[in-house]
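**Q** Let me see the structure of the following:
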Amino acid sequence: MFQTSFIPSPTCACESSCCQFNWSTWSDENSRLTPKTREKDRDGGKKQRQAAICWEQDRRLFNVSSSYKLPPYCSRYVRSSKAFFHAFKSMPASEDVVARISICWEQARAVVVVPVFKFLVALCLIMSVMYFIEVMYMGVVVAYVKLFKRKPEKLYKWEAMDDDDVEGGSESFPMVLVQIPMYNEKEVCDQSIAAACKISWPSNRLIIQVLDDSTDPASKELVRQECERWSREGVNITFEIRDNRNGYKAGALREGMKHSYVKQCDYIAIFDADFQPEPDFLHRTVPFLIHNPKLALVQGRWEFVNADQCMMTRLQEMSLSYHFTVEQQVGSSTFAFFGFNGTAGVWRISALNESGGWNDQTTVEDMDIAVRATLRGWKLLYIDDLRVKSELPCSFNALRSQQHRWTCGPANLFRKMAGQIIRSENVSLGKKLYMLYSFFFMRKVVAHILTFCFYCVILPATVLFPEVTVPKWAAFYLPALITLFIAVGKPRSVYLLAFWVLFENAMSMLRTKALVMGLFETGRVQEWVVTEKLGDGLKTKLIAQVPNEHHARFRDRVHLLELLLGVYLLFCGCYDIIYGKNKLYLYVYLLLQSTAFFVVGFGFVGK
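**A** Model (predicted):
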């Protein structure tokens, strides 16, 4: 298996097949690798005799190994490693340093590097097949739902509320609390408060609760004035503040639930500061909760008002559209479980309290409460055609902070909740398998590892190690099929698929790093950074930026790790152009992907 370039002892008496050696192969390699050594030592000098002694010692050591009947691969490893050590030790001191390093590299390459890469490739191939099966499974479910029109109204009982009673404030309507958590979001606060106050529901059966954790006095005063304005118009709205930000959003929601007026409410609708629900939002969601007592949550879909603002927002829209159209719909249609998106949803307060309320020990309190409610036996419902307007981050640093939290949080939650899911007695075996394998392991762990390790590290490395081969079906066909399927979420963006692939790969380093932090609870695992929102003030905010801060902002947007990986991919691409013989034209992908990493590394993305 391994071709070694050591100097064997001509006096070796071992007749074992493991010590047999092809003298012609050694002669050719010795002539090629160490011509100066052979010329200087052709008279059988001291160095040659030392090499013979070293080889005899190695032979004896190997004979001892053989007596213990080591597996063949272990024997080969011992023989190659020892032979390399003796060959390097016996080389004359005057030997060229480059030749010595070359011998070291060739031996390390054969003994360690190539076998490790082959193992990693095999592992990635297994993950590729697993992920492909997962994607195809979700595709079949979505096709079934669309083909047979399995809408929520067919799966759950739903009866429209009597609109004639709205103006009269009928007591037949349940009490609903609308929570709007905020933090220094003066650009969008007026929009979200106005949209919540315009919801069609009896005024005496609706409470709007604004939870403001702002540290900026101007933002806090603006929110207060907006609440007072709507209060003068007859809306039952409250303005709640805290002395601290303990628990961040989860802490604010938990504190909001402690007020006395909340006890009279049956349901709670939650909207982030940039969300603008339609007036009929409660009319479309609350009836599901009224007529289905085991239903804990009704989740709506996000719709983005700034999706066409720049290339980065278009690519984000593709990913999130796939998440809602496919992932959320599959979970809701099959096992009545999915991750709550933290906003644009209505909870049954009794289910929320029974599940333990909001937990501030995680940065994904929304997913955490969804898991705990499911373990209590509650069901969750997603409505794909219930759209709520929101805003995508158009700043690259804001997107990075959001993606860090969205990756690190679920990974850390998986670590904490896996045992509880396995031990739960209120969940069927099929739902447990779906939660652990499909929801957490495949989508929150494997997807990120596969994207970064395989497509950004291992696949490019095959250019440098021709001995390591990747089948075409794994390198091209499976990724192409998966990418085309993702286009289902947003058909109008099919022409952006190539850019989407490059951008997702470029973001994979950030996500993989966050994944490791979450799984091992290291670094910024509990970091919470509120996503920047610009609202209607986008142009004003961009103009108002201070020119003197240009250099600081440039340093902030440079990301060294992405730049280093871009250099690696560029080197692999150039190497493939010069020395490549596999005829797969891998350099085209490598050069394009390296460009994407440079663009991301220098922060030339977004507004």
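**Q** Residue 411: what's it in contact with?
**A** Residue 411 makes contacts with 444-445, 514-515, 517-519, as judged by C-beta atoms under 8 Å, 6 or more residues apart in numbering. C-beta here means a position set from N, CA and C on the backbone, and glycine is covered the same way.
**Q** And for residue 398, the neighbour number?
**A** Residue 398 has 19 neighbouring residues, counting by other C-beta atoms under 10 Å.
**Q** Next one: the closest residue in space to it that isn't next to it in sequence from residue 405, what distance?
**A** Once flanking residues are discounted, residue 398 sits nearest to residue 532: 4.0 Å by C-beta to C-beta, 6 or more residues apart in numbering. Residue 532 sits 13 Å away from residue 405, going by C-beta to C-beta, to the nearest Å.
**Q** who has more neighbours, the two?
**A** For residue 532 versus residue 405, the count of surrounding residues by other C-beta under 10 Å is larger for residue 405: 21 against 18.
**Q** Do I have it right that residue 328 meets residue 299?
**A** Yes: the pair residue 328 and residue 299 passes the contact test of C-beta atoms under 8 Å, sitting 7.0 Å apart.
**Q** name the helices or strands packed onto the helix or strand containing residue 499?
**A** Using DSSP states H and E, residue 499 sits in helix 497-520. Applying 3 or more C-beta pairs under 8 Å, 6 or more residues apart in numbering; DSSP states H and E, one finds that helix 497-520 contacts helix 311-322, helix 396-423, helix 447-449, helix 478-486, helix 560-579, helix 586-601.
**Q** try 7 Å
**A** Packing contacts for helix 497-520, counted by 3 or more C-beta pairs under 7 Å, 6 or more residues apart in numbering; DSSP states H and E, involve helix 311-322, helix 396-423, helix 447-449, helix 560-579, helix 586-601.
**Q** how far is it from where the chain is centred?
**A** Between the centre of helix 497-520 and the centre of its chain there are 6 Å (C-alpha atoms, centre = their mean, to the nearest Å).
**Q** List the buried residues for it?
**A** 497, 499-519 (16 or more other C-beta atoms under 10 Å).
**Q** could I get it in CSV with only the CA atoms?
**A** As requested, the backbone C-alpha atoms of helix 497-520 are provided in CSV (Å, rounded to 0.1, in the frame of the first residue of the first chain):
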residue,chain,number,x,y,z
LEU,A,497,-29.2,30.3,-7.8
ALA,A,498,-25.5,30.5,-8.7
PHE,A,499,-25.0,33.6,-6.6
TRP,A,500,-27.0,32.0,-3.8
VAL,A,501,-24.7,28.9,-3.7
LEU,A,502,-21.6,31.1,-3.6
PHE,A,503,-23.0,33.3,-0.9
GLU,A,504,-24.2,30.4,1.3
ASN,A,505,-20.8,28.7,1.0
ALA,A,506,-19.1,32.0,2.0
MET,A,507,-21.3,32.3,5.0
SER,A,508,-20.7,28.7,6.0
MET,A,509,-17.5,29.5,7.9
LEU,A,510,-19.3,31.9,10.2
ARG,A,511,-22.1,29.3,10.7
THR,A,512,-19.7,26.4,11.4
LYS,A,513,-17.8,28.5,13.9
ALA,A,514,-21.1,29.4,15.6
LEU,A,515,-22.2,25.7,15.5
VAL,A,516,-19.0,24.7,17.4
MET,A,517,-19.6,27.4,20.0
GLY,A,518,-23.2,26.2,20.5
LEU,A,519,-22.4,22.5,20.7
PHE,A,520,-19.5,23.0,23.1
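**Q** avg pLDDT for that helix?
**A** For helix 497-520, mean pLDDT rounds to 96.
**Q** that older thread, looking at residue 328 and residue 299, which one has more neighbours?
**A** Using other C-beta under 10 Å as the criterion, residue 328 and residue 299 rank with residue 299 on top: 29 against 21.
**Q** Can you find the helix or strand of this structure with the lowest average pLDDT?
**A** For the chain, counting by mean pLDDT, DSSP states H and E, helix 538-543 ranks last in confidence among helices and strands (a mean of 41).
**Q** So, low pLDDT: which residues of this protein?
**A** 1-96, 163-169, 535-554, 582-584 (pLDDT under 70).
**Q** Select the longest strand from the chain.
**A** Secondary structure of the chain read by DSSP state E shows that its longest strand is strand 379-390.
**Q** Okay, angle between it and helix 311-322 too, please.
**A** Angle, strand 379-390 to helix 311-322, by axes from the mean of the first three to the mean of the last three C-alpha atoms, to 10 degrees: 160 degrees.
**Q** what helices or strands is strand 379-390 leaning on?
**A** strand 295-304, helix 329-334.
**Q** any idea how far that strand is from the chain center?
**A** 23 Å.
**Q** Next: stretch 275-286.
**A** Counting by C-alpha atoms, centre = their mean, stretch 275-286 comes out at 30 Å from the chain centroid.
**Q** what does stretch 344-363 rub up against?
**A** For stretch 344-363, contacts defined as C-beta atoms under 7 Å, 6 or more residues apart in numbering pick out 247-248, 250-251, 253-254, 257, 265-271, 275, 285-286, 289, 296-300, 302, 365, 368-369, 372-373, 376, 378, 388, 405, 408-409, 412-413, 526, 528.
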